[in-house]
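J.: quick check, what structure comes out for this input:
(one chain, ligands or ions: 1)
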Amino acid sequence: MTDKSIAEKEIIQALNWRYATKVFDTSKKIAEKDWKTLENALQLAPSSYGLQPWRFIVVQNSELRKKLRAVAWNQSQITDASHLVVFATREKIDEAFVQSYIDKIAEIRGVPKDSLDGFKGAMVGDVVNGPRASSAKTWTQRQAYIAIGFLLETAALLHIDACPMEGFSAAEFDKLLKLEGTGWGSVAVVTLGYRSEKDQLAKAKKVRFEKSQIIQVID
Ligand SMILES: Cc1cc2nc3c(=O)[nH]c(=O)nc-3n(C[C@H](O)[C@H](O)[C@H](O)COP(=O)(O)O)c2cc1C
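T.: Numbering: from 1, shown residues only. Okay, here's the model as predicted:
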């Protein structure tokens, strides 16, 4: 077996192993080293234009977690998982945000800022003033789901359990996380940690449509 075929097998095994964890073991915490890997996965997620219109809010305060649970359909994962990440995105993209990204490119790649004027103009002409400006909120939210995917897959490969969650009041989360009026809004949550032996769903078979139903090849 080549290294590549081992990797392929391990990836699919990990993706079958993962499931949306309903009951976390409150006694198990993600080790610092693994958490850093998960942070790296979030940081390395791609986004349209590379703009990264997101913030990943890691809530480890147990009192705050209790309050968040109350506005998240009382789902136990919110308080019981080792880590809770709230994905927040920009409600609008303004020129200052685009500029902060341009500044970062110039710094990291060692190029003059004015060499990026064309790229900046393209972004501003699209998401700040152009066709995407009026739907910027949904556009930035879509970017967040890419980071969620990266986080879930990376967690699975590390054999860390996770549950992606939309079952919460974004308005109430925004109040509790003091996001109101900041230009950022909560979109989704991922809870991470280790499954409890009591979680019956861990043994449930995956329900997926056949590949022939979901994958269409046009030759
Ligand atoms: C965007 C999104 C939101 C979800 N919200 C919740 C949620 O609030 N609570 C929950 O227990 N599961 C939630 N789930 C888990 C799904 O129900 C689960 O992923 C799906 O049934 C497939 O099962 P599997 O992930 O175990 O393979 C969510 C999943 C996604 C992708």
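J.: I'd say residue 88 and residue 58 touch.
T.: No. Contact criterion CB atoms under 8 Å: residue 88 and residue 58 do not qualify, at 11.3 Å. C-beta coordinates here come from the backbone N, C-alpha and C atoms, glycine included.
J.: quick one: which of those two has more around it?
T.: residue 88 (26 against 13; other CB atoms under 10 Å).
J.: so the more buried one, which of the three states?
T.: When the structure is split into helix, strand and coil by DSSP: H, G, I helix; E, B strand; the rest coil, residue 88 lands in strand.
J.: next up, phi/psi of the residue nearest to residue 14 when sequence neighbours are not counted, please.
T.: The spatial neighbour of residue 14 that comes closest, neighbours along the chain excluded (CB to CB, 6 or more residues apart in numbering), is residue 156 at 4.3 Å. Main-chain dihedrals, residue 156, degrees, to the nearest 10: phi -60, psi -40.
J.: quick one, what contacts residue 156?
T.: By CB atoms under 8 Å, 6 or more residues apart in numbering, residue 156 lies in contact with 14, 15, 17, 18, 162.
J.: do you know how far the fourth one is from the ligand?
T.: Distance of residue 18 to the ligand, given as CB to the nearest ligand atom, to the nearest Å: 7 Å.
J.: repeat for the first one
T.: For residue 14, the distance to the ligand equals 12 Å [CB to the nearest ligand atom].
J.: ok, that residue - how many residues close by?
T.: Residue 14 has 16 nearby residues by other CB under 10 Å.
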